[in-house]
Each structure stands twice: as C-alpha cells, then as structure tokens.
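A.B. asks: my questions are about this predicted structure, shown below with the sequence.
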Amino acid sequence: MHSLAFTAESAANGVLTRDFTLGDIPGVLWSPAASAASPASSSPASRASSASPAPSPAPLVLLGHGGGTHKKHRAMTGRAHRLVTGSGFHVAVLDAPGHGDRPRGERDERDVAALREAQAAGAPEGPVVVPYNARLAEIAVPEYRALLDALLELPGIGGPVGYAGVGLGTAIGVPLVAAEPRIRAAVLGLHWPDALTEAARRITVPVEYAVQWDDERIPREACLALFDAFGSREKSLHANAGRHVDFPRHVEADSAARFLGRHLRPQADTTAATAA
C-alpha cells in the first residue's frame, strides 16, 4: 500500500497546485483553488478536516506524460489548467518510471541509448520504443491504480474518473483504462499498436484518439490500427496534418477538455476550457 503525502503547494489563477509523493513516486495534483487551503505539510486527513465548508465532490482526470518529459511538462500543466479552470476537475499525474524526478536504471539507460542510435541512423523507432514503453507501463499501471485509490479518499474528489495521455501516456493509459473500471472516458493517441491491441479490445468506454497524418516516427497505418482495435462503441479519430512534432497541443487539449467534460460531468459548462 502506497501512502500519499503532500509536500508543497501553491495557488495562482484559480488553480491550487500540490506536489505529492505516493510512497516514493513523485506526482502533482491540480485542483480548483477553493477546494483546499490547509498547509501542505499536514496529512491528507487533517487537510480535509480543516476545510470549511467541505467542497462538493468533483471528477478526477489522470494524465500520462509523454516519453522523455515529466509530470510538470508544459503539456501537462496546460491540460491541467484547462480542466481545472474550465470544468472544475481535479487533475493528477505521476512521473513515469525513469522520468522526471525518478532515477533511471541501467536498463532505462540502455533503452534510451538504443533509441538515440535508431534516430541518428534514421531507423524505425518502434522496435525500440514499443518494448521500452511496455516495460514502463507494467510498472506504472499499478502505481496509477494505487494513486486512484488514494485520491478518491480525499474530500472534494469524487467520480467519475477520466484519463488523458499521448505517446508514453497512451502506452500506460491503454492497459490502465482496460484494467480500471472507475475510468469512464479516455483521450489517447500517437502510439504503435503492437503491445496494446489486446488491451485496447477490452476498452469499451468512450475514446478520443489523435493521429498525426504525416508522422515520420509512428506510421499512419500503425496509429489507425490501434484506433480500430478499441472496443468502444463511441470513439472518435482526430487526424491532424503534420509531422510528429507538429502535434497541435492547444487544439487537442481544448478538444480533450470538451470531451471529458461531456462524459465526466455532462451538465458542466465547459466553454471556458479554451480560455486557458
């Protein structure tokens, strides 16, 4: 059992940002600023008991960051602020194994070196990235499920739960969503199907999936194969022109906010999600 401990907090522009550790795993939780106001050094239970009045429970969105980035990368903070200020959601993310404030092991170093060699040689990246991400996902999925257990015990955080992540965030997200019945909608994209197809077939919740049509790293056919594998009756494909690095983060973050708002809080007014 991993214990959740808040280690720091700050508030700005209506968003309360709280760093935490889940055991020894670092993460961050963004919330509406009015949802908590007690010192970060106190326990979750004491923080909750000192809040007055108790906030109404709001949905939670788990984020998964991309490969080579971290929990506070601009893509994570940008999405989080949209979801908090536009929909009143709580948003949380963990550093993936070997990323951010988590140390890399020898195997991580070998995999990263192999990826750099493939990129330098112009060789396909999939044979390196797919098994690397699959290994990280085996570690990360139980961690995210433990985080979900811990966060849903906090006052002010309730269901339903959503998930959003592309790249490595999809490598983690697909098996997580397939295994976790509390997740009711998912935003995914930009990944090979090789290690994810079986889990994708078990996913039946609504899915929004992004593809870069001219992606030089992940072949278009590979992205489409993963989209096709999802067992969801409701799934939508977002195909954006451009290469991998041209992924339109702001456009897709706004769309994700609207999508998650519809499925996690159908009556919420999410029109402000594009303002962040």
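C.D. replies: Thanks, I have the structure now.
A.B. asks: hey, let's count contacts and neighbours off CA atoms from now on
C.D. replies: Fine.
A.B. asks: assign a three-state SS to residue 178, would you?
C.D. replies: Here residue 178 is helix, with the state taken from DSSP: H, G, I helix; E, B strand; the rest coil.
A.B. asks: can you tell me which residues contact the residue nearest to it when sequence neighbours are not counted?
C.D. replies: Leaving aside its sequence neighbours, residue 178 sits nearest to residue 203 (CA to CA, 6 or more residues apart in numbering; 5.0 Å). Each residue near residue 203 by CA atoms under 8 Å, 6 or more residues apart in numbering is listed here: 174, 177, 178, 230, 231, 232.
A.B. asks: let me know the pLDDT of residue 203.
C.D. replies: Here the pLDDT value assigned to residue 203 is 98.
A.B. asks: just residue 255 next, same as before
C.D. replies: Note for residue 255: predicted pLDDT of 94.
A.B. asks: list the helices and strands the helix or strand hosting it packs on?
C.D. replies: In the assignment (DSSP states H and E), residue 255 maps to helix 249-264. With contacts taken as 3 or more CA pairs under 8 Å, 6 or more residues apart in numbering; DSSP states H and E, helix 249-264 sits against helix 74-87, strand 157-165, strand 183-189, strand 207-212.
A.B. asks: got TSV for the ones you listed, with mean pLDDT, distance to residue 238 and mean neighbour count too?
C.D. replies: What follows is the helices and strands packed on helix 249-264, written out as TSV (pLDDT from 0 to 100; distance: least, CA to CA, whole Å; neighbours: other CA atoms under 10 Å):
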stretch	mean pLDDT	distance to residue 238	mean neighbour count
helix 74-87	95	17	22
strand 157-165	94	14	23
strand 183-189	98	9	25
strand 207-212	97	5	24
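A.B. asks: other SSEs contacting the lengthiest helix in the chain?
C.D. replies: Counting residues, the longest helix in the chain under DSSP state H turns out to be helix 126-151. Packing contacts for helix 126-151, counted by 3+ CA pairs under 8 Å, 6+ apart, involve helix 106-121, helix 168-179.
A.B. asks: out of the ones you listed, nearest to residue 79?
C.D. replies: Closest approach to residue 79 among those is made by helix 168-179 (13.2 Å; CA to CA).
A.B. asks: what angle sits between that closest one and strand 183-189?
C.D. replies: Relative orientation of helix 168-179 versus strand 183-189 (axes from the mean of the first three to the mean of the last three CA atoms, to 10 degrees): 150 degrees.
A.B. asks: what's in contact with helix 168-179?
C.D. replies: Everything outside helix 168-179 that qualifies as a contact, by CA under 8 Å, 6+ apart, is 63-67, 133-134, 136-138, 140-141, 144-145, 163-165, 183, 186, 188-191, 196, 199-200, 202-203.
A.B. asks: apply 7 Å and report the result again.
C.D. replies: The contact list for helix 168-179 (CA atoms under 7 Å, 6 or more residues apart in numbering) reads 64-67, 133-134, 137, 140-141, 165, 183, 188-189, 191, 196, 199-200, 202-203.
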